[in-house]
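A.B. asks: this one's structure only:
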């Protein structure tokens, strides 16, 4: 779904203290980007309007979060949602940036590693010729492994049954260990689950949320490369 052009988005982002104008220059300096640099780093890929990330970052302020999306128009909305969630409190554990997720590894120095990656309700790219564009495709997972710490986790949610099944195969091909999976997250005992915008929408339509948590084994990063 294409988001409408928002003339206000770029000026607001330019003035936003937690938005990075030139993220390609951030490699090697992420420790200086947050008020508490020693905290674990989590990435939200394809963060969209950040209803999920806003609530998560506000709840877990002992974690530093990077939200990445390709569109500055949608990140303008994300910035407002994060500010609304935090209220009068400063946003000190979030960095937003517009970037191509296929080049994720270029944002980090070799020693900079994330403890967790979130991928929520990404485009399923239904046509067979487009499968490599999926954010959970084996090709993409191989890139994520370069920035994910050994033992780091990937948390994935989708409404799409085909993508849910295919992602399990992609994860195995890339050398990840699937810790848990479900075809109906809301039927599970998951009190800490935070719903994304799409999750709320699809749930209202009676579509179940499928979810996977996978781990990159220590010493297993070479497989799938």
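C.D. replies: Structure's in. What do you need? All values derive from a computational prediction rather than experimental measurement.
A.B. asks: Flag every buried residue along stretch 193-208.
C.D. replies: In terms of neighbour count (16 or more other C-beta atoms under 10 Å), stretch 193-208 has its buried residues at 194, 195, 196, 197, 198, 199, 202, 208. (Each C-beta comes from the backbone N, C-alpha and C, glycine too.)
A.B. asks: Point to the helix or strand of this structure where mean pLDDT is at its lowest.
C.D. replies: The helix or strand of the chain with the poorest confidence is helix 197-204; it has a mean of 94 (mean pLDDT, DSSP states H and E).
A.B. asks: And the contacts of the longest helix along the chain?
C.D. replies: In the chain, assigned by DSSP state H, the helix with the most residues is helix 72-86. With contacts defined as C-beta atoms under 8 Å, 6 or more residues apart in numbering, helix 72-86 is touched by 3-6, 8-10, 12-13, 16, 18-19, 47-51, 53-55, 57-58, 67, 69, 91, 94, 96-98.
A.B. asks: before we move on, what about stretch 180-196?
C.D. replies: Contacts of stretch 180-196 (C-beta under 8 Å, 6+ apart): 48, 51-52, 55-56, 59, 120-121, 157, 161, 164, 168, 203, 208-213.
A.B. asks: chain center to that stretch, what's the gap?
C.D. replies: Relative to the centre of its chain, stretch 180-196 is centred 17 Å away, using C-alpha atoms, centre = their mean, to the nearest Å.
A.B. asks: Report the buried residues of it.
C.D. replies: Quick answer for stretch 180-196 (16+ other C-beta under 10 Å): 181, 182, 185, 194, 195, 196.
A.B. asks: Can you tell me which of those residues is nearest residue 107?
C.D. replies: residue 196 (22.4 Å; C-beta to C-beta).
A.B. asks: Report the secondary structure element holding the residue nearest to the closest one when sequence neighbours are not counted.
C.D. replies: The shortest distance from residue 196 to any non-neighbouring residue, by C-beta to C-beta, 6 or more residues apart in numbering, is to residue 52 (3.9 Å). Element membership of residue 52 [criterion: DSSP states H and E] is helix 51-59.
A.B. asks: can you state the direction angle for that helix and helix 197-204?
C.D. replies: 110 degrees (axes from the mean of the first three to the mean of the last three C-alpha atoms, to 10 degrees).
A.B. asks: what about helix 51-59, average pLDDT?
C.D. replies: For helix 51-59, the per-residue pLDDT values average out at 98.
A.B. asks: Grab the most central residue of this structure for me.
C.D. replies: Using C-alpha atoms, centre = their mean, the residue of the chain that lies closest to the mean C-alpha position is residue 44, 1.9 Å off.
A.B. asks: who's in contact with that one?
C.D. replies: Counting by C-beta under 8 Å, 6+ apart, residue 44 makes contact with 50, 52, 53, 56, 65, 66, 67, 68, 118, 120.
A.B. asks: Just to check, the fifth one is in contact with residue 56?
C.D. replies: Put plainly, it is residue 65. Yes - the pair residue 65 / residue 56 is scored as a contact, 7.1 Å apart, by C-beta atoms under 8 Å.
A.B. asks: Can you show me the helices along this protein?
C.D. replies: Assigned by DSSP H, the helices in the chain fall at 9-14, 51-59, 72-86, 138-144, 161-173, 197-204.
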